[in-house]
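Trainee: Next one to model:
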Amino acid sequence: MKELGVKKENIIDSKICTVCEKEQLHSYRAEKNQAGRNTAIIGIKK
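Mentor: Prediction:
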């Protein structure tokens, strides 16, 4: 994102680990035999 011109202060990382928080989020790495879905919301305001 920084390469596209997004300022570092405008990038937010939730620091949520899908393996550690597998009760709340699906993790293919933790549950290789089950399908699941995660969502990411990315927006660029010009």
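Trainee: could you pull out the helices for the chain?
Mentor: Along the chain, no segments are classed as helices by DSSP state H.
Trainee: Give me the residue at the spatial middle of it.
Mentor: For the chain, the residue nearest the mean C-alpha position is Ala40 (5.7 Å; Cα atoms, centre = their mean).
Trainee: List the contacts of that residue.
Mentor: Contacts for Ala40 (Cβ atoms under 8 Å, 6 or more residues apart in numbering) come out as none. Yep, even glycine has a C-beta here, placed from its N, CA and C like the rest.
Trainee: Can you mark which positions in stretch 21-31 are buried?
Mentor: For stretch 21-31, burial by neighbour count (16 or more other Cβ atoms under 10 Å) applies to Leu25, Ser27.
Trainee: re the thing from before, any idea how far Ser14 is from the residue nearest to the centre of the chain?
Mentor: Ala40 sits 10 Å away from Ser14, going by Cβ to Cβ, to the nearest Å.
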